[in-house]
Each structure stands twice: as C-alpha cells, then as structure tokens.
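Colleague: model the following, please.
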Amino acid sequence: MISKVDILKKRILDDIRQGRLKPDDALYSRHQFMKRFGCSRGSIDTAVKELIAEGYLYGRQGAGTYVANLRPLGTEISRVFVVENFCKSYTADDLTYTSYLVSEIQRRMPCLLYRADEISVNLRHIVRAGSAVIWVRPSLDKMMLIDYLTSARIPQIIIGRRYGNYDYIDTDSRSGLADGLSWLKQHAGPEIAFVARAYNTNFPYIAERQIDFYETCTDLRLTVKPNWRQVSKFDHQEDDLNAVAEALFGGSCCPRGLYVDYCDIVAKLINLAGRRGKFVGRDFFLLAFDRIPELENVPGAGFLAQQFRGLEDCAVSWVTSSDRLGWKKTLKPNFYHWE
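Modeller: Sure, this is the predicted structure:
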C-alpha cells in the first residue's frame, strides 16, 4: 500500500501536472489541505517538506510555499531501478531473468533491483532527479505506483505488459502467431484445437494473446470446433489436464492441429496424448507459445520463442537514449519447427 504521505504527494503532483497549480503559484493552506484531502497536519507537513527536497516546491521565508518550475521529462538518467514482480522470495532462479538486464545497466550507471512489493516503502529513494524505473512484467495492482511515479515525472518503461498509454517493450504475438498458425494449417488443415489458461488479472497478456489468436484464425480462415476449445484455470493441473486430454484425444475424432498457449502444460499434455495412443508428428501437429525444450527436434512440433534477451537489450537502449518519450516497441518471437 502507498502511505498517506505518498498519496498526498501524488495529489499535489497531479494538480501540478494537470495545470491546476502552475509554477510560482502559492500552495494550498494547511486548512485547505485538511478540508480537501481529509488528512492530518503532520502528513501535510511531511509531504510538503519532501516535495521541497525533491525540487517540486520551494519556500519563501515568511511567505509560504510555492510551485517550482518542474524539470522537463527526458532529463539525463543517473540511476535506474529495475522492478521485478517476483511471486516468491529471492532464489537463484528468481534472479536469472533480470540479472543480465541489471548487469548491463550497471556497466553504465548505478542500478538497483527491487521486488515489486518493496517499491512502496522505497518511493522516497526513487523520486529524485535522475531516477528512472524499468518495470518487468508488473501486475495490474502496481498501476497506482506507476501513476504516482508518472506524477513525479520519473521516466518509466514496462517490459512485457501494455498498460494505458505507458511506454513499453513487449512481444509481438500477432506476427508470431501468423507464422506459426500458417505452418500449422499447412500441415494439419483448417480445423485446429486450442488449449489455453483462463484469463487472470495477474497475467493480463493472456487476453491480449487470445485476441491475437482469434483474429489470426479469422485472417487465415482457421476454425476451432467448440469441443476442441479447451480453456481452464488449471488450478488442479493433473485433473484439468486429464479432462483436456480426454476431450481432445479420447475419442475417434481427434484434432490434426493443436495450438497450446500455456507453455507449462505442454510436456504433460503430450504425455497424456501418448497414453491415449496419439503422438506428435504421426497423429497431430503441435504449435506452442514460448520455448518448450521438450519439443526441440521433435518432428511435427513447433514453438514461438519470445526474445527475452532482446527485450532486455531494448530496455538498455531506452536507458541510454537521448529521447525516451513514446517508446512502444515490440519484438517478433522466433518460430522454430521440425518436419
């Protein structure tokens, strides 16, 4: 949660950014603050003191507090904060993804790695001239923090998500799916099966990718039979996967083409299909999103591998660029397949 002081600072910064408070305007009185925002005098004094220290306000001896001329966006970056949305405590595996990004930035300037749930208590360290933030796959509940840093005019970019009008670096799933599904249609025909994880607010890309899938199917004149569309939360993975495998491979009419949008279940689903006498390359062709080691060099299999290292390299370029506004970049996944 954002502290009361930080919420108050955000509201003041929003008034400045939206023009309700202009440079050299007098700040509201303490009484006006308390009436408008319902906050204590102590929180007001702390918020105003911190905004003065951060350069957004200035005081005149005996005359009150006024709005300073804000520094323009895009000023030189001198320190970077990388924010990773870890779901568990730090482990070696947790840090594998961001270690390259952090080390590449550290070659150029100081760079700190934070867990997303640590940001609220570290905002005072971040909201300073010269700071920039790189968000790595933030969940939707971090939007308030992103908005707050925007009000404080801190340069930010998001890797792997697209929220509002914020700058991002993301995977171009639409162009990758066009290649992969064209290959699947060529070998399996125009009717395919679709297996995916149900939408979850912690994984907003699921809906985006499914929209890309259905639009690409329309473009390529592919169809998904109702009973071949298997979307599940996979909360009980073993039972859910058995139900999916039975629906697709348990009867006499089985799909020749299968697209799986949830990489974590691919190897298990292939195994369950094999138990029912259906094998990749012989009985059906398989396309999966993201790199699946178990599919490499398997005839009849293909996958769309996201360019994670490329996304990180783009983030490093953003840090060192002289013009960071309007960065909305996508990288096409690499399509690997075996005949």
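
Colleague: how about the strands in the stretch 1-150 of the chain?
Modeller: All strands of the stretch 1-150 of the chain, identified by DSSP state E, counting those that start in this stretch, fall at 57-60, 64-67, 79-84, 111-115, 131-136.

Colleague: reformat those strands as a markdown table; add mean pLDDT.
Modeller: Formatted as a markdown table, these follow (pLDDT from 0 to 100):
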| stretch | mean pLDDT |
| --- | --- |
| strand 57-60 | 84 |
| strand 64-67 | 88 |
| strand 79-84 | 94 |
| strand 111-115 | 91 |
| strand 131-136 | 95 |
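
Colleague: adding mean neighbour count and distance to residue 197, write those out as TSV.
Modeller: (Each C-beta comes from the backbone N, C-alpha and C, glycine too.) Converted to TSV, the strands of the stretch 1-150 of the chain look like this (neighbours: other Cβ atoms under 10 Å; distance: least, Cβ to Cβ, whole Å):
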stretch	mean neighbour count	distance to residue 197
strand 57-60	14	47
strand 64-67	16	48
strand 79-84	22	21
strand 111-115	18	24
strand 131-136	23	20
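
Colleague: okay if I get the ones you listed as TSV plus distance to residue 46?
Modeller: Listed next are the strands of the stretch 1-150 of the chain as TSV, based on distance: least, Cβ to Cβ, whole Å:
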stretch	distance to residue 46
strand 57-60	13
strand 64-67	13
strand 79-84	22
strand 111-115	23
strand 131-136	20
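
Colleague: what about the chain, any weak spots by pLDDT?
Modeller: Applying pLDDT under 70 to the chain flags the ranges 1-2, 70-75, 86-97.

Colleague: so which of the strands of the stretch 1-150 of the chain is nearest residue 17?
Modeller: strand 64-67 (10.9 Å; Cβ to Cβ).

Colleague: quick one: residue 181 from residue 118, how far?
Modeller: For residue 181, the distance to residue 118 equals 40 Å [Cβ to Cβ, to the nearest Å].

Colleague: buried residues in stretch 179-193?
Modeller: For stretch 179-193, the neighbour count (16 or more other Cβ atoms under 10 Å) marks 179-181, 183-185, 187-188, 192-193 as buried.

Colleague: quick one: distance of it to the chain centre.
Modeller: Chain-centre distance of stretch 179-193: 29 Å, with Cα atoms, centre = their mean, to the nearest Å.

Colleague: ditto for stretch 221-234
Modeller: On Cα atoms, centre = their mean, the centre of stretch 221-234 falls 25 Å from that of its chain.

Colleague: before we move on, what about stretch 187-205?
Modeller: Relative to its parent chain, stretch 187-205 has a centroid offset of 19 Å by Cα atoms, centre = their mean.

Colleague: gap between the two ends of it?
Modeller: 28 Å (Cα to Cα, to the nearest Å).

Colleague: do stretch 302-313 as well
Modeller: First-to-last residue span, stretch 302-313, Cα to Cα: 26 Å.
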